[in-house]
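S.K.: Predicted model and sequence below, questions to follow.
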Amino acid sequence: MQDYLKGLNKEQAEAVTHVNGPLMIVAGAGSGKTKVLTTRIAHLMNLGIDAFNILALTFTNKAAAEMKERIEKILGNSNARNLYIGTFHSVFARILRGEAHRIGYPNSFTIYDTDDSRSVLKTVINELNLDDKHYKPNVVHSRISQAKNALVGPAEYATDHYIQQEDMRSNRPAIAQIYQAYAARCFKNGAMDFDDLLLKMYELLQTFPEVLHRFQHKFKYIMIDEYQDTNTVQYQITKLLAAANENICVVGDDAQSIYSFRGATIENILQFQKDYDDVKVVKLEQNYRSSKSILNVANEVIKNNKGQIPKDLWTDNEEGEKIKLVRTMTDNDEGRFVADTIQEQKLRNHYYNRDFAILYRTNAQSRSFEESLRRMGIAYKIFGGVSFYQRKEIKDFIAYLRVVVNTRDEEALKRIINYPVRGIGKTTIEKIVIFANEQNITVWEVLQRAGEFGFKAGTLESINNFVTMMRYFQSMLGDKNAYDVAVQVGKHTNLVKELFNDKTVEGLARYENVQELLNSIKEWTESPDSEEGEVIEKSLGAYLQQITLLTDADDDDENADVVKLMTIHAAKGLEFPVVFVVGVEETLFPSAMSINTREELEEERRLFYVAVTRAKARLFLTYANARYRFGNLVQNEASRFLDEMPEQYIDKTYAGGGLHNKGSFENAGSAYQRMQRGFGDYNDMASVEKRYGPPPAKKAGPERKPVESKPSYMPPQATAPKVVEHKPSADFVPSDTSNLQAGQKVEHQKFGFGTVLKLEGSAHNPIATVKFELNGEKKIMLNYAKLRIVGQD
DNA sequence: GATTGCGCGATTTTT
DNA sequence: TCGCGCAATC
């Protein structure tokens, strides 16, 4: 027997050693699923199966990276490098990078993230003369996304009776039309959104049998993690790929299916046994993660869901601590309680920050925990906030790179055409877009042939300069790597300089972020290629596609000693010694949006199950009597899920308000009684306010320090004054600036003293660039702003 | 072109 | 309450 098989229990070993033919692993929470998957891959390779022939699909990049790492460890060599392991999206993006031309996209197609998609939708909605207040881009987007994930194209969408009825009912009959226009625009832009990565992959395999055969032959062994969360497209693609060899292994747990909003259907896992003959089914039912108390509570709650695959999850672990159920007065008290408890647990049980996780239903709940943790000086990190790549300055920079790689990308082109300012104004851009639409050519083509469209001489010159610059960047693509191109872009566009000259607090942060971006491109460029066989492309195009699929959860630094804050969704697949599940209240968890049907409610319950089963040793569930929502205090009841938990594993506590409630578990009895009575006299808002004071304090001033210095996860910046105030001289009289010269010293009423660097713009609309002593470089329109000429420099 | 001030809507969850 | 889009000013 191989060494690596020794640490497995009977069922795990059974799953690992099943080599050929379909295999379904029903893996309960904490049952060693990742171990089985990685060991199985190692086993396959040990049997002589080539790494190039193995495909493993996961739901996060992080899960993929972890798998790779663990396989390498088992094998003791780096053969794992050649495995195709990744998320559905990233693996398909990589394949499409070689094949997209077949379906009319450039191979260097752009990947649109959610923001890009919404922005294109907004454009399209306006072009159709529809009201974007009524056809809200995000509503429309989710509708289109659902359709794509269910393999429903624009044509079918428009004719499907049921879909049309739904749209009529919500009074949005034009969604079909928008869908059609949106798809056409994305295509014209040479861009795919997240859903397209799946949809176009499917179309590719459907339309080109030779491509299908090639990949069927290549991926002789297919493994899919979190199968319960696959949607229709994903299901169909894997079915196509697996059809030739039927060596497909899926791992899932129907009790942890929490992505139906993304089109995932639990049917896929239930269907699996019907799709193939002789499906081997292995159930992993021993939990190695959690204490008995925790597991029993989870099991008991999930029993309230109907139609589960029968399984009996058990553990040999100790009974452990009871689950602490804690009620607080407000969300701020909840934050304080959690921070206090973390501090106390660190002292009492010698935990590190990294042993704690705070899990919530919605991202918006993180605020009170951030504040209390910061106040206690406990380092933390929020996962799933605004990603680094979503920041404006980063998106601007990346937009240049995107256009360089794919000139069809109108979305990016519009973003940068006049940024930094180069005299191609709003009106000009509107004209350009109209020309492009009229002639059915791309915006870039209009720019290239600008001479034919009768622009004014000045405008034409600006356009031509822009085109020349972009062509210069493009000319480097062939022989320069991603980093070199990016550096040139930064230089020639003045982007970097512009940010450098902005000396405000935000300006500095933006400059640092762009530097950070350049560093990351460099790092990526220099990271090792695959040793043999496929060389991982280090082109700019490959880089851009890659980063769009990154989320900030992916760059988790395991070693960082920080408390982790994230949504329950983001916590799936992770485990922590001590877990706080917070905000366990009606309307929040279960969410008010999800209590209308049994299906929705059951998904919320599964989510609760996922949350509870993340904990290894200690679990705290907290909920607040009232919380601030949009500025007012709103009352909530305890979540119904709490009633479903077996009492004998629960320790109920009331952690009152204020800072002096440490170790208040002693008064559990009376608190419990008060809870039973529904908190009697604290039940009205007036007394809550009276006792706990007015709404939360204003954000602290500029002294607020981020706990971590990494730019991508800085807590929200306090708003520092944008302009360093200048008090105009008493004798301030605006000068006649018609003969202003570069080099002259001037005073501005608000910006203070500065030196004129250059003059541009037309005679009737002159613009001066002035470098102010206190506020950096500004462009000043002389027609409006008043400058006093102080003298020669 | 850039800044400021006002009014309004927002909270599910993610690749 | 907060952040964003839009209109009004410099």
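M.R.: It's in.
S.K.: Poorly predicted segments of the stretch 501-650 of chain A, please.
M.R.: Scanning the stretch 501-650 of chain A for pLDDT under 70 picks out A:528-537, A:552-558.
S.K.: Now with 50, please.
M.R.: Confidence mapping of the stretch 501-650 of chain A against pLDDT under 50 gives the ranges A:530-534.
S.K.: What's the local residue count around A:Leu447?
M.R.: Using other C-beta atoms under 10 Å, A:Leu447 has 21 neighbouring residues. For every residue, glycine as well, the C-beta is placed using N, CA and C.
S.K.: Point to the residue nearest the middle of chain A.
M.R.: Using C-alpha atoms, centre = their mean, the residue of chain A that lies closest to the mean C-alpha position is A:Thr551, 4.6 Å off.
S.K.: Nearest spatial neighbour of that one, chain-adjacent residues omitted?
M.R.: A:Ser387 (6.2 Å; C-beta to C-beta, 6 or more residues apart in numbering).
S.K.: any idea how far that neighbour is from A:Asp409?
M.R.: Between A:Ser387 and A:Asp409 the computed distance is 20 Å (C-beta to C-beta, to the nearest Å).
S.K.: now do A:Ile595
M.R.: With distances taken as C-beta to C-beta, A:Ile595 is found 42 Å from A:Asp409.
S.K.: Which residue of these two possesses the greater neighbour count?
M.R.: A:Asp409 (28 against 14).
S.K.: Look at that one and report its pLDDT.
M.R.: Turning to A:Asp409, the model gives it a pLDDT of 93.
S.K.: How about A:Gln308?
M.R.: 82.
S.K.: helix/strand/coil for it?
M.R.: When classified by DSSP: H, G, I helix; E, B strand; the rest coil, A:Gln308 comes out as coil.
S.K.: Can you give me every residue that contacts it?
M.R.: A:Gln308 sits next to A:254-255, A:302 when contact means C-beta atoms under 8 Å, 6 or more residues apart in numbering.
S.K.: how about 6 Å then?
M.R.: Contact analysis of A:Gln308 by C-beta atoms under 6 Å, 6 or more residues apart in numbering lists A:Asp254.
S.K.: Surely A:Leu325 forms part of a strand?
M.R.: Yes. Under three-state DSSP, A:Leu325 falls within a strand.
S.K.: number of nearby residues for it?
M.R.: Neighbours of A:Leu325 using other C-beta under 10 Å come to 23.
S.K.: Quick check: it touching A:Ile650?
M.R.: Yes. At 5.3 Å, A:Leu325 counts as touching A:Ile650 under the criterion of C-beta atoms under 6 Å.
S.K.: Next, work out how far apart the closest residue in space to A:Gln343 that isn't next to it in sequence and DNA strand B are.
M.R.: Spatial nearest neighbour of A:Gln343, chain neighbours left out: A:Met376 (5.8 Å); criterion: C-beta to C-beta, 6+ apart. From A:Met376 across to DNA strand B, the span is 23 Å (C-beta to the nearest atom of the strand, to the nearest Å).
S.K.: residue of chain A with the smallest distance to DNA strand B?
M.R.: Going by C-beta to the nearest atom of the strand, DNA strand B is nearest to A:Gly425 of chain A, at 2.6 Å.
S.K.: And the pLDDT at the closest residue to that residue other than its chain neighbours?
M.R.: Nearest non-adjacent residue to A:Gly425, counting by C-beta to C-beta, 6+ apart: A:Asn418, 6.5 Å away. Reported pLDDT at A:Asn418 in the predicted model: 86.
S.K.: repeat for the one 4 residues further on
M.R.: For A:Arg422, the pLDDT comes out at 86.
S.K.: List the contacts of it.
M.R.: By C-beta under 6 Å, 6+ apart, the contact set of A:Arg422 is A:Ser462.
S.K.: That one: what secondary structure?
M.R.: coil.
S.K.: Tell me what A:Phe356 is bridged to.
M.R.: With DSSP bridges as the criterion, A:Phe356 is bridged to A:Val578.
S.K.: how about low-confidence regions in chain A?
M.R.: A:530-534, A:657-726, A:762, A:764-765, A:793.
S.K.: Neighbours of A:Thr362, how many?
M.R.: Using other C-beta under 10 Å: A:Thr362 sits among 13 other residues.
S.K.: how much space between it and A:Ala570?
M.R.: Counting by C-beta to C-beta, the gap from A:Thr362 to A:Ala570 is 12 Å.
S.K.: so A:Pro173 sits in a strand?
M.R.: No. Under three-state DSSP, A:Pro173 sits outside any strand and is assigned coil.
S.K.: Thanks a lot, catch you later.
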